[in-house]
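J.: Okay, predicted coordinates and the sequence, questions at the end:
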Amino acid sequence: MLSVVVLISGGGTNLAALLAEAEHADFPVRVVAVGADREADGLLFAEQHGVPSFTVPLSSFDSREEWGRELLRQIRCWRPGLVVLSGFMRLLPAEVVRELSPRLLNTHPAYLPEFPGAHAVRDAMAAGVAETGASVIVVDEGVDTGPILAQERVPVLPGDTEDTLHERIKVVERRLLSEVLRGIAEGSVRLEEYAR
């Protein structure tokens, strides 16, 4: 069984989908804890599923490095096989990435390397592209530059808004993340290949 800590910053809709899937006996992944960098609405999903949670606000620390060390301390308590950033909107300090990678994954609402960064859906809309996508990557020290584990195109439809497009992308993100996690748990996706 693959044990996972999920880190969030907001509403946690991808987290909710993962928690629901993890309740199925045939899904070889369990979320052991959920962490956030603020009082995030998505922590409610952890509570509803009986999953412990923790919050490590950046504003409580004098530096990003101190914040990162406390975040690592909290994560280590759960001894996860994997850490997943799911709508986690903070760049992790290099020390955190070095310790956790390649067992540190992120979902991203674009077909990387297109539209990296925090406003991928808005950027895709502004560029007027006919399609964007969703990606699951290994986190490295860059901004959405790590090795790509899975990705899929998502069309931009006439009349799409940033919100409607993002909702369709999230559906694909959830499925891709689930497939990647199952692959890691069952051995068909080998993260050791991405170790530096």
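T.: Cool, got the structure. Keep in mind it's a predicted model, so treat the numbers as computed, not measured.

J.: C-alpha only now, for contacts and for neighbours.
T.: Fine.

J.: what's the longest helix along the chain in contact with?
T.: Scanning the chain for the longest helix, with DSSP state H as the assignment, gives helix 162-186. Residues lying outside helix 162-186 but in contact with it, judged by CA atoms under 8 Å, 6 or more residues apart in numbering, are 1-2, 14, 17-18, 27-29, 107-109, 121-122, 125, 133-136, 149-152, 154, 156-157, 189-191.

J.: Return the set of buried residues in that helix.
T.: Of the residues in helix 162-186, those scored as buried under the neighbour-count criterion (16 or more other CA atoms under 10 Å) are 162, 165-166, 168-170, 172-174, 176-178, 180-182, 184-185.

J.: any residues touching stretch 74-94, and which ones?
T.: Identification of contacts with stretch 74-94 by CA under 8 Å, 6+ apart yields 2-10, 12, 14-15, 32-33, 36-37, 54, 64-65, 68, 100, 103-107, 118, 141, 143.

J.: Give the ChimeraX command for selecting the buried subset of the residues you listed.
T.: The buried subset of those, as determined by 16+ other CA under 10 Å, is captured in ChimeraX by this line:
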select :2,3,4,5,6,7,8,9,10,12,14,15,32,33,36,37,54,64,65,68,100,103,104,105,106,107,118,141
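
J.: from the contacts of stretch 74-94, which ones fall inside strands?
T.: Counting by DSSP state E, the members of those that fall within strands are 2-8, 32-33, 36, 54, 104-107.

J.: between those, which is nearest Glu47?
T.: Looking at those and their distance to Glu47, the nearest is Ala33, at 10.1 Å (CA to CA).

J.: circling back: give the rounded mean pLDDT of the longest helix of the chain.
T.: Taken as a whole, helix 162-186 has a mean pLDDT of 97.

J.: now it, how far from the centre of its chain.
T.: For helix 162-186, the distance from its own C-alpha centre to the chain's C-alpha centre is 10 Å (CA atoms, centre = their mean, to the nearest Å).

J.: now that helix and strand 2-8, what's the angle there?
T.: Helix 162-186 and strand 2-8 meet at an angle of 160 degrees, taking axes from the mean of the first three to the mean of the last three CA atoms, to 10 degrees as the criterion.

J.: Please find the angle between the direction vectors of helix 162-186 and strand 104-108.
T.: For helix 162-186 and strand 104-108, the angle between their directions (the same axes, to 10 degrees) works out to 150 degrees.

J.: ok, Arg64 to Leu58 distance?
T.: 7 Å (CA to CA, to the nearest Å).

J.: repeat for His166
T.: Look at His166 and Leu58: by CA to CA, they are 26 Å apart.

J.: Please apply the same query to Pro102.
T.: Pro102 sits 24 Å away from Leu58, taking CA to CA as the criterion.
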